[in-house]
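Visitor: The sequence and its predicted three-dimensional model are supplied below.
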Amino acid sequence: MEKHKKPRGLWASIIYMKCPRCREGNLFEKPTFAYSEPTKMPESCEVCGQNFMPEPGFWFGAMFISYIWTAWFCLFFVGGGIMFLGMSVNAAFGLLILMCAIFFFWIFRISRSIWIHIYVKYDPEKRRTLR
Ligand SMILES: [Zn+2]
């Protein structure tokens, strides 16, 4: 007998990069820090069939999400490092560049996750009808 799990919340769905419609299928095929193809996405959700490329150029918008939040992050990271931790400007920027390089693919993926969660609404009924 299948045990019914508590549905995943919106933020958990975004953070764990799940399909916005069923919140179960994965948005990406490989883990964030995979050595190859960390940006590869399946064409549709393996659980509910949600199309992950709803229209041509859909993912262009994720670039703006990425830009908005990384710009604010950089501002507060460098500002906070200089003002509250007493770092030099060079040290703060050096650390920022290092952070951005390490988390480059994570930023890319989480921005796509946020973007698709804005457009596709949660609909657990779809999952049940497909099975
Ligand atoms: Zn799904």
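Guide: Yes, it's here.
Visitor: For the lengthiest helix in the chain, name the packing helices and strands.
Guide: Ranked by number of residues, the top helix in the chain under DSSP state H is helix 60-83. Other helices and strands packing on helix 60-83, by 3 or more Cβ pairs under 8 Å, 6 or more residues apart in numbering; DSSP states H and E, are helix 89-102, helix 104-119. (Each C-beta comes from the backbone N, C-alpha and C, glycine too.)
Visitor: Indicate which one of those is closest to the ion.
Guide: The ion lies closest, by Cβ to the ion, to one member of those: helix 104-119, at 10.5 Å.
Visitor: Which residues outside the closest one are in contact with it?
Guide: By Cβ atoms under 8 Å, 6 or more residues apart in numbering, the surrounding residues in contact with helix 104-119 are 10, 13-15, 17, 20, 27-28, 32-33, 38-39, 41, 52, 54, 58-59, 61-63, 65-66, 69-70, 100.
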